[in-house]
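Novice: structure for the following, please:
(2 chains)
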Amino acid sequence: MPAKAKQKAAEPAAATSAPEKSAPSTGIQFEGLGNIVDSASKIVLKAANILEEEIARGIVAAKQIEGKLTDVQKLRGGNKEELLTRFRQDAHDVIDLLIDFTTIAVKNVGSLTSRIINIKQGGGTGEAPQAEDPVQIPLIHAPKDLKAGEALEVPITLENDSKTEVKTIEFTNTALLDASNNQIDAAAITYTPNPLVLQPGSNGSVKIAINVPDGAKPGSYTCFIQGKNVANLKATLLVKVV
Amino acid sequence: MLSTDIQEQFLTRLGAYRDLSLKTLIDLIPDREPKKYLYDLVTLYPKRGGKGFRPGLCLAACNIYGGTTGEAMNSAIALELFHNAFLVHDDIEDESDDRRGSPTMHAAHGIPIAINVGDAMNVLSIKPLMHNIFTLGPGLTWQVFSEIEHMVLESVEGQAMELGWRQDNLCDLKEDDYLRMILKKTCWYTCIHPLRIGAIIGSGGAADPDVFNRFGYYLGAAFQIQDDLLNLIGDQDKYGKEICGDVLEGKRTLMLIHLLNTCSPREKQQLEAYLAKKRTLRTPDETEWVMKMMKKYDCIAYGRRNAQNLAGAALKEFYTVFGHMPDSEDKQFIESMILYMINRDY
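Specialist: The predicted structure is shown next:
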């Protein structure tokens, strides 16, 4: 199932400070480990990134299965107010953003997508907590195939549906990987503006620039995009290099 | 180090979960022919006293999240059967001689029989998952089944990566490659899914299983590196497998990858030539030379350090995931497992 699972947005353990609970209740002795818990460790950070990448890949795979089994257009039209984070199709209709709320119809397909994503409302001030309904992570398709050395900008509109909270979104992403483990460095993706500031109830646009480096091998690459400081903002970017 | 009391409590609980799941597993095996060439062999590996980490994690997580041992037992024994099926086939693929202190299945009974026994274990693991329908209902049964589907797929993909590296004699691997491979080959099925499944069952589907991904990955990675370290420097009587078997098999462990990335070009050339040979053609002198190189380049210390770092990260994640749960023997059991993973000598 975690082909469709996502990791919580918490920072990797080694990148954080002391554990929330600094001493175990069970009396375990920490000889040789006490300092390790707090110290930044390269291998732990690498492991955290790899886990994110693998999960993001799984999400794409699940989407592909979903696409074969469900009529996504038919599923749209549900109560979109229930969507907590919104990536919208832009005016040129070039981006297919599958953020539709998963409905019973999807569940009937075989629960393939019913637990894909849990984009949950961050603790907004004074707003009623939202039900923990499953929502799908948006999948952003680059609108055209790219060759090595080519670049493309994908405009995305985001909506801050909080009535009170200003959202400052700093975008970050993992490296792009294809099924053969070919990799394009994370720096190939940039954002303008970054960070993006959204006033309560307002929309804003960010341009995602994809710069395929010379020498990149052909393949369907994916990466995981998220807002560094907005826990529930996540998307998967799919770029086909031909 | 674990204090003696804590370690004894941990091992007692681990043994209790293992024995309980083994008994249930044995009851599941059909009492009919062909016994000599199939059903008697299905229980051969489980009866050899595996550690039982997977059922232990699954049952403990279920209890922590409000369920009962009985509710998770079907899933726990399915995990153990899948695990043993992997081991039987893995031993063939690796041409391993020993498993848990005795000859491997194929060494004792031949490759064709061993492959078939592994197949049977895979098939038999489906039955307890089907039985979940009577105790868990259709929703949870399906959820557990989809967890298992992902677990098995990831494991075979990870195994394919590792086998492919050896077949093509890849010697330019990096730490990242190793971490990705063990996530897929080991961590999903050894730690992440047993925890996820236990919590799903215990909470009646209310728990978010994703919270275990990072914890289970760090724990599983620490476990795998420690296992690879024991293969290099462990006590064969305790460890149960031939020491340096991984080197003989050309297994791409973290320590070997470190060696390939740090030794001199000339040494690397020699190492590549060694790894290019068939296992049977690798001489003891050559294998000893590889071990000397590992010592020269501090590969053991490097592996141990990384296992400890990952265990430290697992400990941190443990407090994040389980910190708010009431203290219990099962919670202590999982906490103790983290340190046991890197302190164990078998």
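
Novice: need the nearest residue in space to B:Pro103, chain neighbours excluded.
Specialist: B:Asp97 (6.6 Å; Cβ to Cβ, 6 or more residues apart in numbering or on different chains). C-beta: built from backbone N, CA, C; applies to glycine.

Novice: how many other residues sit next to the one you found?
Specialist: By the measure other Cβ atoms under 10 Å in any protein chain shown, the count of residues near B:Asp97 is 15.

Novice: that one and chain A: what is the separation?
Specialist: 31 Å (Cβ to the nearest Cβ, to the nearest Å).

Novice: mind listing what that residue touches?
Specialist: Neighbour list for B:Asp97: B:Pro103, B:Thr104, B:Ala107, B:Glu242, B:Gly245 [criterion: Cβ atoms under 8 Å, 6 or more residues apart in numbering or on different chains].

Novice: which of the residues you listed tops the neighbour count?
Specialist: Neighbour counts for the contacts of B:Asp97 peak at B:Thr104, which has 23 neighbours (criterion: other Cβ under 10 Å).

Novice: my guess is it meets B:Asp90, correct?
Specialist: No - contact between B:Thr104 and B:Asp90 fails when scored by Cβ atoms under 8 Å: they sit 9.3 Å apart.

Novice: and for those two, which residues touch both?
Specialist: B:Ser96.

Novice: OK, contacts around the closest residue to B:His193 other than its chain neighbours?
Specialist: Leaving out its chain neighbours, the residue that sits closest to B:His193 by Cβ to Cβ, 6+ apart is B:Met151, at 4.2 Å. Contacts for B:Met151 (Cβ under 8 Å, 6+ apart) come out as B:Phe82, B:Trp188, B:Tyr189, B:His193.

Novice: ok, which stretches of chain A are strands?
Specialist: Ranges of strands in chain A, per DSSP state E, are A:86-88, A:139-141, A:151-159, A:167-169, A:171-173, A:176-177, A:183-184, A:189-192, A:196-198, A:203-211, A:219-227, A:230-241.

Novice: as a markdown table, those strands with distance to chain B would be great.
Specialist: Shown next, in a markdown table, are the strands of chain A (distance: least, Cβ to the nearest Cβ, whole Å):
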| stretch | distance to chain B |
| --- | --- |
| strand A:86-88 | 20 |
| strand A:139-141 | 18 |
| strand A:151-159 | 23 |
| strand A:167-169 | 22 |
| strand A:171-173 | 17 |
| strand A:176-177 | 9 |
| strand A:183-184 | 9 |
| strand A:189-192 | 19 |
| strand A:196-198 | 26 |
| strand A:203-211 | 22 |
| strand A:219-227 | 13 |
| strand A:230-241 | 12 |
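
Novice: so which of the contacts of B:Asp97 comes closest to B:Leu59?
Specialist: Of all the contacts of B:Asp97, the one sitting nearest B:Leu59 is B:Thr104; the distance, using Cβ to Cβ, is 27.8 Å.

Novice: look up how far B:Cys58 lies from the residue nearest the centre of chain B.
Specialist: Central residue check for chain B by Cα atoms, centre = their mean: the C-alpha nearest the mean position is that of B:Thr190, 4.8 Å away. Distance of B:Thr190 to B:Cys58, computed by Cβ to Cβ, to the nearest Å: 11 Å.

Novice: next: B:Leu315.
Specialist: In terms of Cβ to Cβ, B:Leu315 sits 20 Å off from B:Cys58.

Novice: who's more crowded, these two?
Specialist: Taking other Cβ under 10 Å, B:Leu315 and B:Cys58 do not tie; B:Cys58 has more neighbours (32 against 26).

Novice: which strand or helix spans the more buried one?
Specialist: Counting by DSSP states H and E, the element that carries B:Cys58 is helix B:53-64.

Novice: list the buried ones in the following helix or strand past that helix?
Specialist: Sequence order places helix B:69-94 as the next helix or strand after helix B:53-64, per DSSP H and E. Residues of helix B:69-94 classed as buried by neighbour count (16 or more other Cβ atoms under 10 Å in any protein chain shown): B:69, B:71-92, B:94.

Novice: how about low-confidence regions in the chain?
Specialist: Defaulting to chain A. The model of chain A has pLDDT under 70 over residues A:1-40, A:60-136, A:231.

Novice: please refer instead to chain B.
Specialist: Low-confidence segments of chain B (pLDDT under 70): B:1-3, B:235-243, B:345-346.

Novice: which parts of it are strands?
Specialist: For chain B, applying DSSP E gives strands covering B:98-99, B:102-103.

Novice: pipe those into CSV and attach distance to B:Asp19 per row.
Specialist: Shown next, in CSV, are those (distance: least, Cβ to Cβ, whole Å):
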stretch, distance to B:Asp19
strand B:98-99, 20
strand B:102-103, 19
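
Novice: how about those strands, which one is nearest A:Val197?
Specialist: strand B:98-99 (59.5 Å).

Novice: and the closest one, how far out from the chain middle?
Specialist: 14 Å (Cα atoms, centre = their mean, to the nearest Å).

Novice: what's the answer for stretch B:39-57, then?
Specialist: Taking mean C-alpha positions (Cα atoms, centre = their mean), stretch B:39-57 and its chain are 12 Å apart.

Novice: C-alpha coordinates for it, PDB please?
Specialist: Output of stretch B:39-57 as PDB, limited to C-alpha atoms (Å, rounded to 0.1, in the frame of the first residue of the first chain):
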ATOM      1  CA  TYR B  39       5.000 -29.900   4.200                       C
ATOM      2  CA  ASP B  40       7.600 -31.200   6.600                       C
ATOM      3  CA  LEU B  41      10.100 -28.800   5.000                       C
ATOM      4  CA  VAL B  42       7.800 -25.800   5.200                       C
ATOM      5  CA  THR B  43       8.300 -25.600   8.900                       C
ATOM      6  CA  LEU B  44      12.100 -26.400   8.700                       C
ATOM      7  CA  TYR B  45      13.300 -22.800   8.700                       C
ATOM      8  CA  PRO B  46      10.700 -21.400  11.200                       C
ATOM      9  CA  LYS B  47      11.500 -24.200  13.600                       C
ATOM     10  CA  ARG B  48      15.200 -23.400  13.500                       C
ATOM     11  CA  GLY B  49      14.600 -20.500  15.900                       C
ATOM     12  CA  GLY B  50      14.400 -17.400  13.800                       C
ATOM     13  CA  LYS B  51      14.300 -14.300  15.900                       C
ATOM     14  CA  GLY B  52      10.600 -13.500  15.000                       C
ATOM     15  CA  PHE B  53      11.100  -9.700  14.600                       C
ATOM     16  CA  ARG B  54       8.300  -9.400  12.100                       C
ATOM     17  CA  PRO B  55       5.500 -11.100  14.000                       C
ATOM     18  CA  GLY B  56       6.800  -9.500  17.200                       C
ATOM     19  CA  LEU B  57       6.600  -6.000  15.700                       C
END
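
Novice: that one near chain A at all?
Specialist: No - Stretch B:39-57 does not reach chain A (Cβ under 8 Å from any Cβ of the partner chain); its nearest approach is 15.6 Å.

Novice: return the set of buried residues in that stretch.
Specialist: B:39, B:41-46, B:50-57.

Novice: before we move on, what about stretch B:274-293?
Specialist: Using 16+ other Cβ under 10 Å as the test for burial, stretch B:274-293 gives B:Tyr274, B:Leu275, B:Arg282, B:Glu286, B:Val290, B:Met291, B:Met293.

Novice: and for it, what's in contact with it?
Specialist: B:95, B:166, B:169, B:171, B:232, B:244, B:247-250, B:259, B:263, B:267, B:270-271, B:299.

Novice: buried among those residues? Need that as a selection in ChimeraX.
Specialist: Of these, the buried ones go into a single ChimeraX selection, burial set by 16+ other Cβ under 10 Å:
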select /B:95,166,171,232,244,247,248,249,250,259,263,267,270,271,299
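
Novice: which of the contacts of stretch B:274-293 lies closest to B:Tyr17?
Specialist: B:Leu232 (29.2 Å).
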